[in-house]
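1. Structure for the following, please:
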Amino acid sequence: MRTQEAEQLVALERDGWDALTHGHAREFYDEVLTSEAVMVFPFGVMERGDAIDGMAESRRWRDYSLDHIEVHDLGAGLAVVTYHVHAERDEEDPFDAMLASTYVRSRGGWRMMLHQQSP
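-> I've put the predicted structure just below:
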C-alpha cells in the first residue's frame with residue numbers, strides 16, 4: 001500500500017472522531033459507511049442505520065487521542081486500520097479501547113465496512 005493511501009485511511013479515522021466530537025457524526029458516517037456496514041461495540045453489534053443513529057444521538061466527546069496506529073493492506077482494495085483511542089466526555093469515565101476499522105475501496109475512495117472496539 002502506498003504511503004498516501006495509508007495516510008488517507010488514518011485521516012478518515014481522525015475525521016470520524018472529529019465528527020463525534022463536533023456533532024456531525026450522522027453526515028460523516030452516512031457518507032463513509034458501506035450499505036452493509038457493521039459496527040461491533042462492547043455493548044453489542046449494530047448494523048449501519050442503528051449505528052449511525054446511535055452515534056448521532058450520543059453525547060459528544062470533549063477530547064480524544066489516537067496512538068499505536070497501524071494500517072494493514074489486505075490486498076484487493078481492502079485495508080484495516082488498528083489503533084488505541086483515549087477519549088473523554090464531561091462527567092464520564094475516560095474511554096480507552098483498541099479499535100479496528102476495515103475499509104474497502106469503493107466509489108473512488110475508501111468506505112468503512114466493519115468497525116470493532118475492544119476495551
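
2. what ranges do the helices span in this structure?
-> Secondary structure of the chain (DSSP state H): helices located at 3-22, 25-32, 48-57.

3. So for Val81, which of those helices sits nearest?
-> Closest to Val81 of the helices of the chain is helix 3-22 (CB to CB; 5.1 Å). All C-beta atoms are positioned from the backbone trio N, CA, C, and that covers glycine.

4. List the buried residues for the closest one?
-> Neighbour-count burial for helix 3-22, counted by 16 or more other CB atoms under 10 Å, picks out 6, 8-10, 12-13, 16-17, 19-21.

5. and of the helices of the chain, who's closest to Pro94?
-> Closest approach to Pro94 among the helices of the chain (CB to CB): helix 3-22, 14.1 Å.

6. which outside residues touch that closest one?
-> Residues outside helix 3-22 that contact it (CB atoms under 8 Å, 6 or more residues apart in numbering) are 25, 27-29, 32, 55, 58, 60-64, 66, 69, 71, 79, 81, 83, 85, 87, 99, 101, 103, 109-110, 112.

7. now do stretch 102-111
-> Residues contacting stretch 102-111 (CB under 8 Å, 6+ apart): 5, 8-9, 12, 32-34, 37, 74, 77-81, 112-115.

8. how long is it end to end?
-> Taking CA to CA, to the nearest Å, the first and last residues of stretch 102-111 lie 8 Å apart.

9. repeat for stretch 57-70
-> End-to-end span of stretch 57-70 (CA to CA): 29 Å.

10. quick one: that stretch to chain centroid distance?
-> In terms of CA atoms, centre = their mean, to the nearest Å, the centre of stretch 57-70 is set 9 Å apart from its chain centre.

11. can you list the weak-confidence ranges in this structure?
-> Along the chain, no part satisfies pLDDT under 70.

12. would you turn the buried residues of helix 3-22 into a markdown table with distance to Met46?
-> Below are the buried residues of helix 3-22 laid out as a markdown table (distance: CB to CB, whole Å):
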| residue | distance to Met46 |
| --- | --- |
| Ala6 | 27 |
| Gln8 | 25 |
| Leu9 | 22 |
| Val10 | 24 |
| Leu12 | 19 |
| Glu13 | 18 |
| Gly16 | 15 |
| Trp17 | 18 |
| Ala19 | 17 |
| Leu20 | 15 |
| Thr21 | 20 |
